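*Asks:* Sharing a model prediction with you, sequence too.
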Amino acid sequence: MEKLNEKLTEAYTYFQENWSVLVVAFSVLIIGILLANLISKVLTKRIKTKVTSSLSELFIAQIIRIILKVITFLFFLSLLGFNDITTKILAGAGILTFVIGFAFKDIGENFLAGIILAFKSPFLENDLIESEGIVGYVKELRIRETLVKTTDGKDVFIPNSQILKNPLINYTLDGFLRYDFKLGLDYSSDVKKAILLILDTLQQLEGVVKVDKIPTVVIDELAASTINLKIFFWIDTTKSSSKTYHMNIKNVVMQQVLFRLTEEGFEMPSDIVEIKQYKS
């Protein structure tokens, strides 16, 4: 108890003798953090004119903000009289970096991968990508991970190193995305006529690409009770990156194809099941 009282007395005495320094130091710390955020925003606007990707802009802004806050904290320690501590922190930065880098190898790896992705990224903001089975729209590139919103609304944080080291599929890089669906016809149907009707229907539908990527219809399978056709068509993703927009076009295409074939007398047969009864 006596030791505690002594410590409290020493702390109170120190505060009385150095209150002005403490006020200045903490003021510098608070102002420094606010300035770091402000400078980061200003530099972000300048960087925006130099880079083509908003993801790169956000990543660089995060790095600048962290560096400025570290400098502010070191200056704060110096004002409090911890010059020895500050010097030791700077002197031991190399060793500390090595130790931390070894202990947190994955974090360092993701950080370096983030730098590479910021300056040479295989995707842009709102691009539809697939990485290790995760399909979604790119929302933000962070220091350690990339934020992706999946097509069913989940927010997934993919480590940057995973994106860099593994194959990445970008569905919207060139502005085109292909969809397909199957359709079964009766064996007595005029398949050639059906294909021509489907192609004619696709040519009339808005949202389906008709010039650079031509719709295609092929016989996919001769099944037990149906001739299965496979219909391929492309959409222009530069018009909208929304999954709802894409799926709505696919829905309209399937409805109109079915309506046109039905109108022309084609039947959509169900699977035929043959039941055999053996005498015992």
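*Replies:* That came in fine, so what should we check first?

*Asks:* In this structure Ile169 contacts Ile129, no?
*Replies:* Yes. Counting by CB atoms under 8 Å, Ile169 touches Ile129, with 6.3 Å between them. Just so you know, the C-beta spots here come from the backbone N, C-alpha and C atoms, and that holds for glycine as well.

*Asks:* where do the helices sit along the stretch 51-200 of the chain?
*Replies:* 54-79, 83-91, 93-103, 105-119, 160-165, 191-204 (DSSP state H, counting those that start in this stretch).

*Asks:* now for the shortest one, which elements pack on it?
*Replies:* Right, helix 160-165. Counting contacts by 3 or more CB pairs under 8 Å, 6 or more residues apart in numbering; DSSP states H and E, helix 160-165 packs against helix 105-119, strand 145-150.

*Asks:* Can you get me a residue count around Arg142?
*Replies:* The number of residues packed around Arg142, counting by other CB atoms under 10 Å, is 16.

*Asks:* State the distance from it to Thr201.
*Replies:* Distance from Arg142 to Thr201, counting by CB to CB, to the nearest Å: 45 Å.

*Asks:* one step back: more crowded one of Ile169 and Ile129?
*Replies:* Ile129 (22 against 12).

*Asks:* For that one, report the pLDDT, please.
*Replies:* What the model reports for Ile129 is a pLDDT of 88.

*Asks:* My guess is it contacts Leu177. True?
*Replies:* No. If you go by CB under 8 Å, Ile129 and Leu177 don't touch, sitting 11.8 Å apart.

*Asks:* any common contacting residues for the two?
*Replies:* Tyr171 (CB atoms under 8 Å, 6 or more residues apart in numbering).

*Asks:* which residues sit in contact with the closest residue to Pro122 other than its chain neighbours?
*Replies:* Distances taken as CB to CB, 6 or more residues apart in numbering put Leu168 closest to Pro122, at 5.6 Å, once the chain neighbours are dropped. Residues near Leu168 by CB under 8 Å, 6+ apart: 122-123, 129-131.

*Asks:* hmm, which of these are the buried ones?
*Replies:* Buried subset of these (neighbour count, 16 or more other CB atoms under 10 Å): 123, 129, 131.

*Asks:* tell me which of those is nearest to Thr216?
*Replies:* Ile129 (25.1 Å; CB to CB).

*Asks:* give me every residue that touches that closest one.
*Replies:* 123, 135-138, 148, 168-171.

*Asks:* same question, Val218
*Replies:* Contacts of Val218 (CB under 8 Å, 6+ apart): 229-230, 232.

*Asks:* Likewise for Ile71?
*Replies:* Ile71 sits next to Gly32 when contact means CB under 8 Å, 6+ apart.

*Asks:* How much space separates it from Arg142?
*Replies:* Applying CB to CB to Ile71 and Arg142 gives a distance of 21 Å.

*Asks:* so Lys230 bridges to which residues?
*Replies:* Lys182, Val218 (DSSP bridges).

*Asks:* And it, how far from Lys182?
*Replies:* In this view, Lys230 and Lys182 are 5 Å apart by CB to CB.

*Asks:* Find residues that contact each of those two.
*Replies:* With CB under 8 Å, 6+ apart, Lys230 and Lys182 have common neighbours Asp220.

*Asks:* Deepest in the core, which of the helices and strands packed on helix 160-165 is it.
*Replies:* Comparing those by mean neighbour count (mean count of other CB atoms under 10 Å), strand 145-150 ranks first with a mean of 19.

*Asks:* who does that one pair up with?
*Replies:* strand 134-141 (antiparallel), strand 155-159 (antiparallel).

*Asks:* got the contact list for that strand?
*Replies:* Contacts of strand 145-150 (CB under 8 Å, 6+ apart): 110, 114, 117, 129, 131, 134-141, 155-160, 163.

*Asks:* So for Phe233, what's the pLDDT?
*Replies:* In this model, Phe233 carries a pLDDT of 94.

*Asks:* so how many other residues sit close to it?
*Replies:* 25.

*Asks:* That one and Leu202, how far apart?
*Replies:* Counting by CB to CB - Phe233 and Leu202 are separated by 6 Å.

*Asks:* Between those two, which contacts overlap?
*Replies:* Counting by CB under 8 Å, 6+ apart, the common neighbours of Phe233 and Leu202 are 208, 215, 253.

*Asks:* mind listing what the last one touches?
*Replies:* Taking CB under 8 Å, 6+ apart as the contact definition, Val253 lies against 179, 181, 202, 205, 208, 231, 233.
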